[in-house]
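Q: Sharing a model prediction with you, sequence too.
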Amino acid sequence: MSNFTDTYARTRSGNMTSTNDANVELNKKIIDLYSDPSFEDIWGTHMHHGFYDLNSTTKPNVQTAQICMIEEALRFANVPVFCNNGYGLQVTFQVPDVLLLPFSNRQFGTVWSLECGDHLPDKTKFVSELVSVAAPGGPIILTTLCIGDLTPNEESLKPQERELLQSLCESMCLLEWISCVHYADLFKSHTMKVLP
């Protein structure tokens, strides 16, 4: 078991002095990962997954696919974009702990989490925080890595799938993955409407 996975497992079982120690260690590993110059060489300056249209006759480059991911997420959630190049838009960037958001309840008309949940140990708390800051009726856009839903004949991932998932988790500081259905159930538990 890797150092990272071992630390997470010890934290979950209560064998560490403080959950905060594990959070600090996890946050440091994530910061180190994303600030490593070789990471940009692999992912480009955008550093997000891409959307590849299966009906397209041409394969876009990685950067185009990353931009398409943003455009498709906005389109899917029916969120119009009213500004071009940021003119007239005031933006404030903050880096809070997403499991303890410092914002007022129901403060935001649109809540968007782009690949943040991948690194979080508590998906239930994560979804609760997203829901708490969303205005009534406002969309919550969640793009995140998920495991595939198991078929009725499957009880768990196949060994080669578990091995690949473990390798990804160790190299990218990813924690527990859940399925899209599991995420949908978490949102439904807050009486949220989940789009297919």
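A: Sure thing, it's come through.
Q: Report the contact partners of the residue lying closest to C180 once chain neighbours are set aside.
A: The shortest distance from C180 to any non-neighbouring residue, by C-beta to C-beta, 6 or more residues apart in numbering, is to C146 (4.9 Å). From N, CA and C alone the C-beta is placed, and that goes for glycine too. If you count contacts by C-beta atoms under 8 Å, 6 or more residues apart in numbering, C146 has them with 177-180, 182-183.
Q: What are the buried residues along the longest helix along the chain?
A: Ordering each helix of the chain by length in residues (DSSP state H) puts helix 19-35 first. Neighbour counts over helix 19-35 (16 or more other C-beta atoms under 10 Å) mark 22, 25-26, 29 as buried.
Q: Report all helices and strands that that helix contacts.
A: helix 3-13 (3 or more C-beta pairs under 8 Å, 6 or more residues apart in numbering; DSSP states H and E).
Q: and the helix it packs on, what's its mean pLDDT?
A: Mean pLDDT, computed over helix 3-13, is 37.
Q: Equivalent analysis for stretch 50-66, please.
A: On average, stretch 50-66 scores 84.
Q: Tell me which stretches of the protein form helices.
A: Under DSSP H, the chain gives helices at 3-13, 19-35, 37-43, 62-76, 123-133, 159-172, 180-188.
Q: any idea which of those helices is most buried?
A: Among those, ranked by average contacts under mean count of other C-beta atoms under 10 Å, first place goes to helix 123-133 (a mean of 18).
Q: hang on, the earlier thing: need the worst-confidence member of the buried residues of helix 19-35.
A: A22 (76).
Q: now the helices of the chain in TSV, with distance to F51?
A: TSV is the format used below for the helices of the chain (distance: least, C-beta to C-beta, whole Å):
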stretch	distance to F51
helix 3-13	29
helix 19-35	21
helix 37-43	15
helix 62-76	4
helix 123-133	21
helix 159-172	19
helix 180-188	15
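Q: do you know which of the ones you listed lies nearest F93?
A: Proximity to F93 (C-beta to C-beta) singles out helix 19-35 among the helices of the chain, at 15.0 Å.
Q: rewinding a little: among the helices of the chain, which is nearest G109?
A: Going by C-beta to C-beta, the one of these nearest G109 is helix 123-133, 10.4 Å.
Q: Packing partners of that closest one?
A: Against helix 123-133 (3+ C-beta pairs under 8 Å, 6+ apart) you get strand 111-114, strand 140-143, helix 180-188.
Q: Quick one: residues contacting P136.
A: P136 touches R106, counting by C-beta under 8 Å, 6+ apart.
Q: how near is it to N105?
A: 10 Å (C-beta to C-beta, to the nearest Å).
Q: got it, and E155?
A: 39 Å.
Q: higher neighbour count, the two?
A: Set E155 next to N105 and count neighbours by other C-beta atoms under 10 Å: N105 wins out with 10 against 6.
Q: from memory the more buried one sits against V131, does it?
A: No: taking C-beta atoms under 8 Å as the definition, N105 is not a contact partner of V131, at 9.5 Å.
Q: Alpha carbons of stretch 143-163, as CSV, please.
A: Extracted C-alpha coordinates of stretch 143-163, given in CSV (Å, rounded to 0.1, in the frame of the first residue of the first chain):
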residue,chain,number,x,y,z
THR,A,143,-17.7,17.2,-13.1
THR,A,144,-15.7,14.5,-11.4
LEU,A,145,-14.2,11.1,-11.9
CYS,A,146,-16.6,8.3,-11.1
ILE,A,147,-16.4,4.5,-11.2
GLY,A,148,-18.8,2.8,-13.6
ASP,A,149,-22.0,1.5,-12.2
LEU,A,150,-21.9,-2.2,-11.5
THR,A,151,-24.2,-4.5,-13.4
PRO,A,152,-26.7,-6.6,-11.5
ASN,A,153,-24.3,-9.6,-11.9
GLU,A,154,-21.3,-7.7,-10.5
GLU,A,155,-20.5,-7.4,-6.8
SER,A,156,-17.3,-5.4,-7.2
LEU,A,157,-14.8,-4.1,-9.7
LYS,A,158,-12.8,-6.7,-11.6
PRO,A,159,-9.2,-7.3,-10.3
GLN,A,160,-7.6,-5.5,-13.3
GLU,A,161,-10.1,-2.5,-12.8
ARG,A,162,-9.2,-2.3,-9.1
GLU,A,163,-5.5,-2.4,-10.0
